[in-house]
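**Student:** Give me a 3D structure for the following:
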Amino acid sequence: AASRQDMTYWLQELQQKRWEYCNNLDAAKRDSRTSPTPSDFSKGLVAKDNPGNILSQNASAERARNILAVETSPTDLVGEQAASQPAPVQPSAINFSLKQWSTEIKNSMSSLRKGNNENRKSIFYTTEEWELLDPTPKDLEDSMALEEKRKHLAEGSKGRRLTSSAFLFDFGRIPHKTRRPLKDMIGSSKNRNSSDSSPTEWYSGNGNKLVSELQLKYQSQQEELEKLKKDLLSQKELVRLLQQTVRSSQYDKYFASHLCEGVPKDKLELLHQKDDQILGLNNQLEKLNLEKDSLQQEVKNLKCKVGELNEQLGMLMETIQAKDEVIMKLSRQLSECEDNTSSQSGAVNSSMATCTNKELQELDRLKDNLQGYKTQNKFLNKEILELSALRRNAEAREREWQAKYTSLEAKLCQIESKYLILLQEMKTPVCSEEQSPAREVITQLLEDALKAETSEQQEQAFFKPHLVSEYDIYGFQTVPEDDDEEKLVAKSRALDLRSLSLSENREISTGVKWENYLASTMNREMMRCVELKNLIRSGIPHEHRSKMWKWCVNLHVKKFKDSTVPGYFQTLLQNALEKQNPASKQIELDLLRTLPNNKHYSSPTSEGIQKLRNVLLAFSWRNPDIGYCQGLNRLVAIALLYLEQEDAFWCLVTIVEVFMPRDYYTKTLLGSQVDQRVFKDLMSEKLPRLHAHFEQYKVDYTLITFNWFLVVFVDSVVSDILFKIWDSFLYEGPKVIFRFALALFKYKEEEILKLQDSMSIFKYLRYFTRTILDARKLTGIAFGDLNPFPLRQIRNRRTYHLEKVRLELTELEAIREDFLRERETCVEKRDLISDDEEDS
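**Tutor:** Model prediction:
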């Protein structure tokens with residue numbers, strides 16, 4: 001930088017770039033933890049409880065930067081532009097001993113640069129210390145080219161430049177008579193008592209204003225004169241052409257009237273040809289005369305330019321001579337000062353000596369400061385490099401420690417899970433008359449393991465991570481409150497889930513793939529593709545699930561939405577509330593029984609209860625044939641965790657009217673019964689050993705799987721697996737239910753085959769799905785080991801079994817009618833009632 005102000009500006013810009021870079025890193029961290037979806041996107045009940053740890057910018061640091069900011073602007077070139085300029089010359093003793101000369105010339109040069117910075121380089125270049133440089137040939141060529149351009153500049157810029165500086169070396173702008181030699185200017189500067197004032201103070205304000213007005217008037221008059229000259233030339237040319245035309249016509253008339261009488265035609269033609277040749281030669285003569293005049297004019301212009309170049313050469317010679325004189329004078333003064341210092345050291349003027357000593361002291365002080373700043377700069381640069389290296393090393397160590405901590409935490413979860421199971425085994429009674437002395441210790445350990453951690457205990461044992469919370473991220477209760485045995489098993493299961501999730505997070509998760517995919521679809525609409533299907537099968541991240549579920553629902557119900565009017569959901573809800581709805585009573589009874597283990601539906605005042613009621617009422621009004629069926633409430637409750645009311649309504653429409661066959665949720669549950677028979681066929685095909693095992697012990701596993709299909713595994717599997725199943729279900733449809741139902745049995749196939757009686761098998765089937773925790777393994781079985789899995793096969797089997805179930809229902813209805821007729825005719829059977837009459 002050429003000055004301290006430029007240096008401050010450069011440092012401030014450097015700080016700003018560094019601050020922006022750090023903020024960009026923080027923004028990247030925020031983007032890796034948050035969704036790229038718009039911030040106003042509704043995310044249902046779960047998102048309101050899990051806002052996430054979003055990194056925020058440091059507002060206090062931003063305020064401090066604004067307060068401490070130095071308002072600077074560069075006075076000269078900085079950065080790469082400054083680096084391309086000549087290096088500044090170090091100050092010498094001559095500059096400080098002859099301050100009068102240096103100050104005067106520096107002021108003149110600075111005014112020259114300020115006044116002529118727009119369109120040209122100055123003939124003389126100055127740095128912080130004054131110096132006069134010889135003009136280069138390129139500078140001379142530039143000055144000659146710009147001389148022609150200045151004649152056509154606008155009035156304002158011309159007047160402004162003429163008055164901006166009183167000391168100009170621009171020889172093409174001022175007439176020769178007004179130019180002042182450099183030696184005269186230096187001589188005049190001596191007579192001003194070494195004043196440091198700017199040369200622009202040589203003229204008063206009124207004089208500048210008068211000169212400007214006169215210059216403007218002169219400029220306008222010159223332009224008018226040029227226009228008049230051009231008009232005069234054009235008029236002269238016109239008159240000449242008219243005169244030539246008149247002469248030609250008069251000649252033709254005279255020739256036709258006097259000379260053509262009695263002349264043969266061949267001679268007349270010859271005469272006409274001669275006349276045409278004469279006219280052509282005259283025209284050529286005129287053109288040659290015009291070319292001659294233009295060439296003579298060019299010769300005059302070239303002579304004028306040669307004269308101007310000679311004048312400029314003379315002025316340059318005068319300038320060089322003046323510079324030589326200045327150098328000679330300075331050399332003489334320097335030699336005189338040295339002679340006086342050596343020969344008359346005792347008789348030196350006291351004032352001159354004091355002034356020289358002060359200047360030398362000031363020079364020494366500035367040199368010392370310069371050296372100090374250089375040293376400080378080197379130190380700070382080294383400090384910056386060292387701190388950057390330390391920061392990188394610290395970040396690497398932090399990542400390494402985080403990986404180790406995650407691994408240790410996963411191992412701790414596994415060990416604690418085994419520890420709890422061991423305690424449970426030790427608690428079982430032992431057939432012995434004497435009580436074991438360790439019984440009390442084991443009982444105490446069990447009580448400590450099941451005891452809830454208070455805030456005081458967490459503060460005391462700060463090194464132990466809080467592994468199991470009361471609710472998971474979906475709002476489901478992780479540990480039951482009633483039974484100690486169930487509480488122990490649930491806590492062990494939660495620890496295993498925590499261990500699995502931590503182990504998966506150590507690897508490259510699907511979150512990065514999701515971020516990349518969503519970023520690629522920011523400016524285009526998402527479409528169904530193989531990449532998206534594979535991503536959804538691997539599981540939608542929690543922060544993106546709201547957006548993707550809504551997109552999947554809209555994909556399936558677009559035709560329904562297009563045929564409805566705006567506000568369709570609100571209209572249905574209003575009608576269901578205002579008019580008599582036969583399904584409303586049963587809906588109210590089932591609201592609190594929907595998901596009692598989820599905090600969003602645990603009490604009548606929970607936010608999810610009202611939303612659940614609204615969606616079920618609106619759907620019952622849309623589908624009066626179905627009205628309300630037990631199982632719809634759980635489907636809506638799961639949808640509301642990530643969707644708003646209207647989107648959850650359309651999600652229910654997707655499941656009931658698009659995915660599932662007709663009569664799936666009607667009173668007869670015809671579609672559900674058909675799917676159970678289709679599932680039996682698939683079991684015999686995909687898992688023949690297990691199917692044969694069930695047939696051997698006469699276990700009807702459809703009693704368990706019926707609810708899986710009806711509510712899509714709600715309350716049947718752990719929450720992490722449940723939502724991964726729903727991700728694929730909303731995208732691919734009901735085939736996913738068959739895949740995961742078979743995968744659950746295949747996951748535990750070996751354990752089921754070990755059971756050798758129907759009671760133990762049926763008891764195991766009631767709870768075995770809650771013991772499956774590895775979602776990745778289960779997904780691999782569902783979408784890998786069970787292939788091929790064509791949808792056409794399922795549809796064909798549905799059609800086949802539908803006819804059979806309808807025939808069976810017809811037979812049952814005939815038996816029922818026979819029973820009713822027999823009851824009416826037989827006195828002994830009048831007290832008998834059917835199941836339907838008993839329910840009513």
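
**Student:** And the host helix or strand of Leu387, what does it pack against?
**Tutor:** Element membership of Leu387 [criterion: DSSP states H and E] is helix 350-427. In this structure, helix 350-427 makes packing contacts with helix 93-97, helix 439-450, helix 484-506, judged by 3 or more C-beta pairs under 8 Å, 6 or more residues apart in numbering; DSSP states H and E. (Each C-beta comes from the backbone N, C-alpha and C, glycine too.)

**Student:** which residues touch the residue nearest to Leu791 when sequence neighbours are not counted?
**Tutor:** Spatially, and ignoring its direct neighbours in sequence, Leu791 is nearest to Lys735 (5.3 Å; C-beta to C-beta, 6 or more residues apart in numbering). Each residue near Lys735 by C-beta atoms under 8 Å, 6 or more residues apart in numbering is listed here: Phe789, Leu791, Ile794.

**Student:** and the first one, helix, strand or coil?
**Tutor:** Under DSSP: H, G, I helix; E, B strand; the rest coil, Phe789 falls in the coil class.

**Student:** what's the nearest residue to it if we skip its chain neighbours?
**Tutor:** Arg739 (6.2 Å).

**Student:** Please state the backbone phi and psi of that neighbour?
**Tutor:** Phi and psi for Arg739, reported as degrees, to the nearest 10, are phi -60, psi -50.

**Student:** ok, it touching Asp785?
**Tutor:** No. Using C-beta atoms under 8 Å, Arg739 is not in contact with Asp785; the gap is 10.1 Å.

**Student:** ok, those two, which is more surrounded?
**Tutor:** More crowded of Arg739 and Asp785, by other C-beta atoms under 10 Å: Arg739, with 24 against 12.

**Student:** how far away is the more buried one from Ile655?
**Tutor:** 17 Å (C-beta to C-beta, to the nearest Å).

**Student:** ditto for Arg397
**Tutor:** Noted for Arg397: a distance of 50 Å to Ile655, by C-beta to C-beta.

**Student:** Which one's more surrounded, these two?
**Tutor:** Ile655 (23 against 10).

**Student:** Find the helix or strand that the closest residue to that one other than its chain neighbours is a member of.
**Tutor:** Distance criterion C-beta to C-beta, 6+ apart; nearest residue to Ile655, sequence neighbours excluded, is Leu635 at 5.9 Å. Using DSSP H and E, Leu635 sits in helix 632-640.

**Student:** List the contacts of that helix.
**Tutor:** 44-45, 549, 587, 590-591, 593-595, 598, 600-601, 608, 611-612, 615-616, 619, 626, 647-648, 651-652, 655-656, 665, 711-712, 714-715, 722, 726.

**Student:** Mind checking which of the residues you listed land in helices?
**Tutor:** Among the contacts of helix 632-640, the members found in helices (DSSP state H) are 44-45, 549, 587, 590, 608, 611-612, 615-616, 619, 647-648, 651-652, 711, 722, 726.

**Student:** Output the lowest mean pLDDT helix or strand found in the protein.
**Tutor:** Every helix and strand in the chain was compared by mean pLDDT, DSSP states H and E; the lowest is helix 93-97, with a mean of 39.

**Student:** what comes up buried for stretch 510-518?
**Tutor:** Thr510, Gly511, Trp514, Glu515, Tyr517, Leu518 (16 or more other C-beta atoms under 10 Å).

**Student:** got it, and stretch 557-568?
**Tutor:** So stretch 557-568, judged by 16+ other C-beta under 10 Å, has buried residues Val557, Tyr568.

**Student:** circling back to that earlier point, between which two of the buried residues of stretch 510-518 is the distance greatest?
**Tutor:** With C-beta to C-beta as the measure, no two of those lie farther apart than Thr510 and Leu518, at 12.0 Å.

**Student:** Overlap in contacts, the two.
**Tutor:** What both Thr510 and Leu518 touch, as defined by C-beta under 8 Å, 6+ apart, is an empty set.

**Student:** Tell me the spacing between Gly784 and Pro541.
**Tutor:** Noted for Gly784: a distance of 22 Å to Pro541, by C-beta to C-beta.

**Student:** neighbour-wise, which of the two wins?
**Tutor:** Neighbour comparison, Gly784 and Pro541: the larger count goes to Pro541, with 19 against 10 (by other C-beta under 10 Å).

**Student:** Would you agree the more buried one is in contact with Val512?
**Tutor:** No. Counting by C-beta under 8 Å, Pro541 sits too far from Val512 to count as a contact (10.0 Å).

**Student:** Output the below-cut-off pLDDT ranges for the stretch 501-650 of the chain.
**Tutor:** By pLDDT under 70, the low-scoring segments of the stretch 501-650 of the chain are 501-509.

**Student:** 50 instead, please
**Tutor:** By pLDDT under 50, the weakly predicted segments of the stretch 501-650 of the chain are 506-507.

**Student:** Report the secondary structure state of Pro604.
**Tutor:** Applying three-state DSSP: Pro604 is coil.

**Student:** And for the nearest residue to it once chain neighbours are set aside, the neighbour number?
**Tutor:** Leaving aside its sequence neighbours, Pro604 sits nearest to Leu592 (C-beta to C-beta, 6+ apart; 6.7 Å). Residue crowding around Leu592 was assessed by other C-beta under 10 Å; the count is 15.

**Student:** now do Ile473
**Tutor:** For Ile473, the neighbour count with other C-beta under 10 Å is 14.

**Student:** That one contacts His542, correct?
**Tutor:** Yes. Here Ile473 reaches His542: they are 6.3 Å apart, a contact under C-beta under 8 Å.

**Student:** Contacts only, for Lys804.
**Tutor:** Contacts of Lys804 by C-beta under 8 Å, 6+ apart are Arg677.

**Student:** Let me know the helix or strand that it is in.
**Tutor:** Applying DSSP H and E as the criterion places Lys804 in helix 791-825.

**Student:** list the buried ones in that helix?
**Tutor:** Gln793, Ile794, Arg797, Arg798, His801, Leu802, Val805, Arg823.

**Student:** for Phe713, phi and psi?
**Tutor:** In terms of degrees, to the nearest 10, the main-chain angles of Phe713 are phi 70, psi 10.

**Student:** is it true that it touches Lys724?
**Tutor:** No. Judged on C-beta under 8 Å, Phe713 makes no contact with Lys724 at a distance of 10.2 Å.

**Student:** Now do the SS call for Cys629.
**Tutor:** Going by three-state DSSP: Cys629 is coil.

**Student:** now the nearest residue to it once chain neighbours are set aside: how far from Glu657?
**Tutor:** Among residues not flanking Cys629 along the chain, Tyr665 sits closest, at 4.1 Å (C-beta to C-beta, 6+ apart). Per C-beta to C-beta, Tyr665 is found 10 Å from Glu657.

**Student:** Could you check which of these two is surrounded by more residues?
**Tutor:** Tyr665 (24 against 17).

**Student:** Distance-wise, check Phe713 relative to Leu722.
**Tutor:** For Phe713, the distance to Leu722 - C-beta to C-beta - is 6 Å.

**Student:** neighbour-wise, which of these two wins?
**Tutor:** Phe713 (24 against 20).

**Student:** contacting residues for the more buried one?
**Tutor:** Ile721, Leu722, Ile725, Ile737, Phe740, Thr769.

**Student:** Relative to Gln297, which of these is nearest.
**Tutor:** For the contacts of Phe713, the nearest to Gln297 is Ile725 (96.2 Å; C-beta to C-beta).

**Student:** Do I have it right that the closest one meets Val736?
**Tutor:** Yes. Using C-beta under 8 Å, Ile725 makes contact with Val736 at a distance of 6.7 Å.
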